[in-house]
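# Build me a model from this:
(2 chains)
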Amino acid sequence: MKLSEHYTRTSVYITITVLVIGAVIYYFAIDYIGRQQLDRGLQQQLTEAEEYARSNNGNPQQYDLDQDHAVFVKTNEHLLKKRFFDTTYFNPKEQRKEAGRAVEDFVKLKDHNYRVVITISRAGQKDLIELISIITLTLLAGLLAVLFITNKYLLNGLWKPFQLTLKEIKQFNIADVDQFKGKPSKVDEFTELNEAIKEMSLRVTHDYLNLKQFTENASHEMMTPLAVVTTKLDTLIQDETLSAEQLAQITDIYSSVNKSSRLNQSLLLLAKLENKLITEEGPIGLETILTEKMLQFQELMQNRELSFQYNLQPKQILASKYLVDILLNNLFSNAIRHNNPGGVIVIELNSVQLSIKNTGAANALNGHQIFERFQKGKDSQGTGLGLALVKNICRLYHYTIQYQYEPGWHTFVVTF
Amino acid sequence: MKILVIEDEQALRENITSYLNVDGNICESCSALTPALQKLSDYDYDCVLLDIGLPDGDGFSVLEYLSTQQKNEAVLIISARNSLDDKLKGLNVGADDYLTKPFHLAELKARLTAVYRRKAFNTSNKLVFNEIAIDMQGRTVEVNQTPIILTRKEYDMLLYFIANKGKVISKNAIAEHLWGDEMDMYDSFDFIYTHIKNLRRKILDAGGKDYLTSKYGMGYKFTEG
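Numbering: from 1, shown residues only, chains lettered A, B, ... in the order given. Next up is the predicted model:
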């Protein structure tokens, strides 16, 4: 859910709750004040009625001849407490009952005790409360509508600088020369955000350039001594006096130097892949390249008495020829290296996927571990980086690579 | 062939010059950009071996200098940077080939000979070594005027050996030349033996001399006869 929706929802809940509670309190307060006012009126009428009764020599009935709102009743009770209460009032003009308010008191006139009840209409007050309630409800509805519209349009406008910043962050590519700029905003928070991001991006770009420089320099620094070792050996073997034993040692040194230079190159390539430093791309017909690869590895296949079975359908991809070469070389040489003598390699290519399937050891490999760096079989002569490279190349082009095992068959599937 | 080696690593520079200083080649060397540009303006060379990472500047400036001066030296870049960008850039600004460190001296010599040959004898590209005649364009070989049929690997090998005649070449260097990075060393050693056996037999069958000698199985030497 979007922030503005969160905000609208919360603010609507709070507004409704506060307004409902407020309305209830408001209602009771007005009701209370209204009664107080009625009771004061009743008290005044009561006093008037008593005074009238007294001055009229004990005939209180004349005060209100119609007896429609003041009633005097003789009573024998001696003590009667004055009380106000809600009752019904008969409106003589309109001939109907209305809500009313009454006061009851005990009056002593000469020898007789009277109970006096004065009733007045409460209709006016009720109308007032109804009116106030309607106005309040209308206000509430209006407030909610305004809140809703404000949140929807005004808030979206307020968040616009944020959206722009977000868009820029999404487009930010560390390898680009363009720096993060950030549109200036009137809102302090957004200005602060933009500045923080700008600073961060500068730092990250700086670190990235340092790292890039470092890997390049490290490569140079390591390759040059390796070149010295190789060329020294090349010169050394020209010596006619070297024994077979010494020459065998030199062969091993050659192999180790070759291995460390390969290792160095693979690590550098991995670093480049992870930093997306390889950008050149071109259309590649995979079926053509696969046919070339089968020719290229023919000798090795014949040597181990392996055979190819294939079904290749045309498939064009957009990628770096260099990387596709590395990808296929690794998959092919794995399929050959870990095969049984006289085994088979099955290559299938269609528009969705490429699968390379080979006969091999009768137990499954760990499908996750094999793609990690330096994970290799005990007797493997490789660098242990081949499948890590394969995985990273696939990731660069958003392909997926999967390892599958059926008894005796190992399959690597690249899904485009 | 007159060669200028521009390389800042002393040990490498010395090994290269001593390996190349045979067969009447004249090999000079310098360790930085400024003396290199000086030498190039004073003398003419057939080939320039150029390291890209030099202490006082970028090796690419040598290429720019050569192209602005319209000089015709064949240039082979030797660089520690195995990056495609550098490779393409080098070839675009006029280098003839690009070799990545570490490399074998035999490989360097073979590449250097190839770029020189390409530049010097543009059209009539015939290499004659005693009774062996190689037509570089048609990729055909004759021994005593009898054509012999060589596979691609055997043909590449023959050229490689002739470029490095009189030198012992390790199996590792041959494997790298023939297969590059595609194959593990151990796998390729068997193949080398097979290819060499076949090449030797084909030359002998056509009445050629036996030029190839094995050095205890660690390498081979193509003697000059």
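# burial count for B:A95?
By other Cβ atoms under 10 Å in any protein chain shown, 24 other residues sit near B:A95. Any C-beta I mention is one placed from the backbone N, CA and C, and that applies to glycine too.
# B:I192 now?
B:I192 has 20 nearby residues by other Cβ under 10 Å.
# I'd like to know which elements the helix or strand where it lies is packed against.
Assigned by DSSP states H and E, B:I192 belongs to helix B:185-205. In terms of contacts (3 or more Cβ pairs under 8 Å, 6 or more residues apart in numbering or on different chains; DSSP states H and E), helix B:185-205 is packed against helix A:244-274, helix A:298-303, strand B:146-148, helix B:152-163, helix B:171-179, strand B:212-215.
# Centre of the chain to the helix-or-strand element of chain B with minimal mean pLDDT, how far?
Least confident helix or strand, chain B: helix B:84-92 with a mean of 77, by mean pLDDT, DSSP states H and E. Taking Cα atoms, centre = their mean, to the nearest Å, one finds helix B:84-92 lying 19 Å from the centre of the chain it belongs to.
# Show the pLDDT at the spatially most central residue of chain B.
Nearest to the mean C-alpha position of chain B, by Cα atoms, centre = their mean, lies B:A110 at 1.9 Å. Looking at B:A110, its pLDDT reads 93.
# Mind jotting down where the strands sit in chain A?
Per DSSP state E, chain A carries strands over the ranges A:70-75, A:83-91, A:96-109, A:112-121, A:282-285, A:307-312, A:316-319, A:344-349, A:353-359, A:400-406, A:409-415.
# Name the nearest residue to residue 37, ignoring sequence neighbours.
Using chain A here. Leaving aside its chain neighbours, A:Q37 sits nearest to A:Q125 (7.8 Å; criterion: Cβ to Cβ, 6 or more residues apart in numbering or on different chains).
# I was thinking of chain B, sorry if that wasn't clear
B:Y65 (5.8 Å).
# so that neighbour, which of the three states?
What DSSP: H, G, I helix; E, B strand; the rest coil gives for B:Y65 is helix.
# show me where pLDDT drops low in chain A?
A:57-68, A:78-80, A:175, A:177-178, A:377-381 (pLDDT under 70).
# what residues go with each domain of it?
A:3-153, A:172-277, A:282-415 (automatic domain parsing).
# and of those domains, who's closest to B:A106?
domain A:172-277 (6.6 Å; Cβ to Cβ).
# First-to-last residue distance for that closest one?
Distance across domain A:172-277, first residue to last, is 15 Å (Cα to Cα, to the nearest Å).
# swap in stretch A:152-163?
Criterion Cα to Cα; first-to-last residue distance in stretch A:152-163 is 15 Å.
# Determine how far stretch B:196-203 lies from the middle of the whole chain.
Offset of stretch B:196-203 from its chain centre (Cα atoms, centre = their mean): 22 Å.
# could you dump that stretch to PDB, C-alpha only?
The C-alpha atoms that make up stretch B:196-203 are tabulated as PDB, following Å, rounded to 0.1, in the frame of the first residue of the first chain:
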ATOM      1  CA  ILE B 196      54.100 -34.000 -34.200                       C
ATOM      2  CA  LYS B 197      54.300 -37.600 -35.200                       C
ATOM      3  CA  ASN B 198      52.000 -37.100 -38.200                       C
ATOM      4  CA  LEU B 199      53.800 -33.900 -39.300                       C
ATOM      5  CA  ARG B 200      57.200 -35.500 -39.200                       C
ATOM      6  CA  ARG B 201      56.000 -38.600 -41.100                       C
ATOM      7  CA  LYS B 202      54.400 -36.500 -43.800                       C
ATOM      8  CA  ILE B 203      57.600 -34.500 -44.300                       C
END
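# circling back: I'd like the helices and strands packed on helix B:185-205 as a markdown table, with distance to A:N350 and mean neighbour count appended.
Compiled in a markdown table, the helices and strands packed on helix B:185-205 are given as follows (distance: least, Cβ to Cβ, whole Å; neighbours: other Cβ atoms under 10 Å in any protein chain shown):
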| stretch | distance to A:N350 | mean neighbour count |
| --- | --- | --- |
| helix A:244-274 | 26 | 17 |
| helix A:298-303 | 23 | 16 |
| strand B:146-148 | 44 | 14 |
| helix B:152-163 | 32 | 20 |
| helix B:171-179 | 30 | 23 |
| strand B:212-215 | 48 | 15 |
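# picking up where we left off before, if we ignore the residues flanking it in sequence, what's nearest the residue nearest to the centre of chain B?
B:A163 (4.2 Å).
# gap between that neighbour and chain A?
Per Cβ to the nearest Cβ, to the nearest Å, B:A163 is found 14 Å from chain A.
# where along chain A do the helices fall?
Under the criterion DSSP state H, chain A carries helices at the ranges A:3-55, A:123-149, A:156-158, A:160-171, A:188-236, A:244-274, A:286-296, A:298-303, A:321-337, A:386-396.
# B:Q145 is in contact with B:G207, correct?
No. Counting by Cβ atoms under 8 Å, B:Q145 is not a contact partner of B:G207; they are 9.9 Å apart.
# got any residues that touch both of those two?
Counting by Cβ atoms under 8 Å, 6 or more residues apart in numbering or on different chains, B:G207 and B:Q145 have no common neighbour.
# How many residues are close by A:F416?
15.
# Also B:K109?
For B:K109, the neighbour count with other Cβ under 10 Å is 22.
# Same question for the one 4 residues further on.
Applying other Cβ under 10 Å, we find 18 other residues in the vicinity of B:T113.
# how near is it to A:N334?
Going from B:T113 to A:N334 by Cβ to Cβ, to the nearest Å gives 36 Å.
# returning to that earlier point: identify each buried residue in the helix holding B:I192, please.
Buried residues in helix B:185-205, counting neighbours by 16 or more other Cβ atoms under 10 Å in any protein chain shown, are found at B:185, B:187-189, B:191-192, B:195-196, B:199-200, B:202-203.
# what's the angle from that helix to helix B:171-179?
80 degrees (axes from the mean of the first three to the mean of the last three Cα atoms, to 10 degrees).
# Save the helices and strands packed on helix B:185-205 as a markdown table, and put in distance to A:A70 too.
Compiled in a markdown table, the helices and strands packed on helix B:185-205 are given as follows (distance: least, Cβ to Cβ, whole Å):
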| stretch | distance to A:A70 |
| --- | --- |
| helix A:244-274 | 99 |
| helix A:298-303 | 123 |
| strand B:146-148 | 145 |
| helix B:152-163 | 131 |
| helix B:171-179 | 125 |
| strand B:212-215 | 142 |
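# Which of those sits closest to B:L37?
Of all the helices and strands packed on helix B:185-205, helix B:152-163 comes closest under Cβ to Cβ, at 28.8 Å.
# ok, now which ones touch A:Q43?
A:V103.
# A:L3 now?
A:W159.
# now do A:R96
So A:R96 contacts A:F90 (Cβ under 8 Å, 6+ apart).
# 6 Å instead?
If a contact means Cβ atoms under 6 Å, 6 or more residues apart in numbering or on different chains, then A:R96 has no contacts.
# need the contact list for residue 45.
Using chain A here. By Cβ under 6 Å, 6+ apart, the contact list for A:Q45 reads A:I118.
# wrong chain, I was asking about chain B
B:Y45 neighbours (Cβ under 6 Å, 6+ apart): B:2, B:4, B:73.
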